[in-house]
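> only the shape, not the letters, is given here:
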C-alpha cells in the first residue's frame, strides 16, 4: 500500500498541476545542531495528508538523508540531487491514517553530510486526503541556529490510543516546556514520564487537565505516555453513538463535569455562570485563592474559589452593582468571552478571526463579545445553531459545554 501511495504522490507532483499561493502563515523553521538540521513547519492550520518539501542546500551533499519525526506518518523517499555548489533535497511525508496537523509540526531531522549551509530556499506542496493540491509555493525560512546551538530537543515516543504534543520542541537549559496530552475517544492517560539522554528522570509538574510542564535540562529529553480504556459511562441519558458522547465522557473522566446523579448527566439542561467558572477552575488545577469581591458569592459556595480565581486573572467580570450572578444561565457569547480571556491569560494564540456576516443575528452580540465570538468560530469551538444563526444570547446546554470544552482543550490549549 505504501508503494502505491508513493507512486500516486510522485505522479501527482509531476503532473503539472496548477500552482496555488501558499498560505502566508506557513514558515519552515531550520535549527542546525551537531551537523543535523531539525525541520519544523510552523503555522499549519489545515488538515494535510501528504506533503513534499524541496530544500536547496548550499554545498555538495550527495549523502543527505532524512529521518521523519512525525507519529502516524512515513517518508517514502528522500531524493537528492547534488552538484558542486548546491544540493536539492526533496522530502516526502505521507499520513498513515489520520491527517498531519498542528500549528507547529516537527517534521524530522535532515542530515546533509559533508560541508553544507542551512537551506537557501524551500518550496512546499500540501495535499489533501485524495492527494490533490491544497497549496503550493515558496515558504519563508526561519533559521533557529543563530546563537541557539545549545538548544536541547524533546522527543515523543510513539504511543497507541492517544497523542502528546510539546511546546517548544527545542529549548535552552532551564526553559519551561509544556506537554499536552490528548487521549483517543474511550481512553484515558494511564502514565506519562520523561527521561534525559542519560536515562535520568525529568520531573513533571501538572499544569491543569492533561497538561504537564518541566524545566529543560542540558540534554535531550524523551517523553513516554501510555493510555488505557476508560470504560463505558454509567449515564442512561448519554449513550455511545450520541453526538456528545465522546465529549461528555472526556469531561466526566477528566473531573471537569459531574453527573446530576449516578445514572444521569441531563445533557439538555442549561449551564450557569457559576458552573462554567468552576469547570475552568478545575481545568486550571484548582489553585489556592483568597476571598472574592462579589456580594452574591457566598464563601462556602462550590464556585466561590473559582470565581475568585477567574476574577483575579481577568477571565470574568461582574456587574455594575457588584454582583456576579452565579446562578444566571451562561450565554453563548459569555462563554466565548470566558474562554477567550482564559486562553489569553495562558499565553495561547488567540489571533484567529472569522467573519460573522453569514449569521443574520450577529448584530445582536454585545460589543465586548464580538471579538471572542469571531475567535471561537474561527477556532472551531462555536458553530451556528442553524446555518445562518449564531444565537449569541442563547443558553448553552451541558452537552454543548462538554463539546466546546473538548474542542477548546484540543485546539487551543
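That came through fine. Keep in mind that this is a model prediction, so the values were computed, not measured. Residues are numbered from 1 along each chain as shown.
> centre of the chain to stretch 207-214, how far?
Its chain's C-alpha centre lies 14 Å from the corresponding centre of stretch 207-214 when counted by C-alpha atoms, centre = their mean, to the nearest Å.
> distance between the ends of it?
In stretch 207-214, first residue to last residue: 10 Å (C-alpha to C-alpha, to the nearest Å).
> what mean pLDDT does that stretch have?
Stretch 207-214 carries an average pLDDT of 79.
> what sits up against that stretch?
Stretch 207-214 is touched from outside by 176-183, 189, 192, 194, 202-206, 221, 254-256, 282-285, 409, 413, with contacts defined as C-beta atoms under 8 Å, 6 or more residues apart in numbering. From N, CA and C alone the C-beta is placed, and that goes for glycine too.
> again, but for stretch 285-293
206-209, 299, 304-305, 307-309, 311-312, 318, 322, 324.
> quick one: which of those residues is most hemmed in?
Ranked by the number of neighbours (other C-beta atoms under 10 Å), these place residue 307 first, at 26 neighbours.
> A strand includes that residue, no?
No - with DSSP: H, G, I helix; E, B strand; the rest coil as the criterion, residue 307 is helix rather than part of a strand.
> just the ones of the contacts of stretch 285-293 in strands?
Using DSSP state E, residue 206 are the members of the contacts of stretch 285-293 that sit in strands.
> returning to what we had before: can you say which of the contacts of stretch 207-214 are buried?
Buried by 16 or more other C-beta atoms under 10 Å: 177-183, 189, 192, 194, 202, 221, 254, 256, 282-284, 409, 413, out of the contacts of stretch 207-214.
> out of those, name the ones that lie in strands.
177-183, 189, 192, 194, 221.
> just flag the most distant two among the residues you listed.
183 and 221 (21.4 Å; C-beta to C-beta).
> residue ranges with poor pLDDT in the stretch 151-300 of the chain?
Judged against pLDDT under 70, the low-scoring parts of the stretch 151-300 of the chain cover residues 185, 208-209, 231.
> where along it do the helices fall?
Using DSSP state H, counting those that start in this stretch, the helices of the stretch 151-300 of the chain run over residues 245-253, 273-284.
> list the buried residues of the first one.
Taking 16+ other C-beta under 10 Å as the neighbour-count basis, helix 245-253 is seen to contain the buried residues 245-253.
> how far out from the middle of the chain is it?
Chain-centre distance of helix 245-253: 18 Å, with C-alpha atoms, centre = their mean.
> and the angle from it to helix 273-284?
Per axes from the mean of the first three to the mean of the last three C-alpha atoms, to 10 degrees, the angle that helix 245-253 makes with helix 273-284 is 80 degrees.
> helices or strands up against helix 245-253?
Applying 3 or more C-beta pairs under 8 Å, 6 or more residues apart in numbering; DSSP states H and E, one finds that helix 245-253 contacts helix 398-411.
> against which helices or strands is the helix it packs on packed?
Judged by 3+ C-beta pairs under 8 Å, 6+ apart, helix 398-411 is in contact with helix 245-253, helix 273-284, helix 332-345.
> so which of the ones you listed comes closest to residue 405?
Minimum separation from residue 405 across the helices and strands packed on helix 398-411 (C-beta to C-beta) falls at helix 245-253, 5.9 Å.
> which of the helices of the stretch 151-300 of the chain sits closest to residue 90?
Set against residue 90 and scored by C-beta to C-beta, those come closest in helix 245-253, at 39.0 Å.
> for the helices and strands packed on helix 398-411, which one sits closest to residue 266?
In terms of C-beta to C-beta, the element of those nearest to residue 266 is helix 245-253, at 10.7 Å.
> what sits closest to residue 239 if chain neighbours are left out?
Distance criterion C-beta to C-beta, 6 or more residues apart in numbering; nearest residue to residue 239, sequence neighbours excluded, is residue 245 at 6.6 Å.
> I'd say the one you found and residue 232 touch.
No - the pair residue 245 / residue 232 is not scored as a contact, 9.7 Å apart, by C-beta atoms under 8 Å.
> adding distance to residue 66, write the ones in strands among the buried ones among the contacts of stretch 207-214 out as CSV.
Formatted as CSV, these follow (distance: C-beta to C-beta, whole Å):
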residue, distance to residue 66
177, 25
178, 27
179, 25
180, 26
181, 28
182, 27
183, 30
189, 31
192, 29
194, 26
221, 22
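> return the member of these nearest to residue 241.
For those, with residue 241 as the reference and C-beta to C-beta as the criterion, the closest is residue 183, at 19.2 Å.
> re the thing from before, let's have the helices and strands packed on helix 398-411 in CSV, adding distance to residue 156.
Output for these, formatted as CSV (distance: least, C-beta to C-beta, whole Å):
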stretch, distance to residue 156
helix 245-253, 21
helix 273-284, 23
helix 332-345, 23
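> of all those, which one comes closest to residue 85?
Shortest separation from residue 85 across the helices and strands packed on helix 398-411 is recorded for helix 332-345, at 47.3 Å, computed as C-beta to C-beta.
> same question for that closest one, mean pLDDT?
The average pLDDT for helix 332-345 rounds to 92.
> quick one, strands of the stretch 101-250 of the chain?
104-111, 117-127, 133-138, 141-143, 152-156, 162-167, 170-171, 176-183, 187-196, 205-206, 211-215, 221-229 (DSSP state E, counting those that start in this stretch).
> if you compare these, which one is most tucked away?
Comparing the strands of the stretch 101-250 of the chain by mean neighbour count (mean count of other C-beta atoms under 10 Å), strand 170-171 ranks first with a mean of 22.
> okay, now the sheet partners of that strand, with direction.
Strand 170-171 has its sheet partners listed here by DSSP bridges as strand 152-156 (antiparallel).
> tell me how far the strand it pairs with lies from the chain's centre.
Averaging C-alpha positions (C-alpha atoms, centre = their mean) puts strand 152-156 17 Å from its chain's average.
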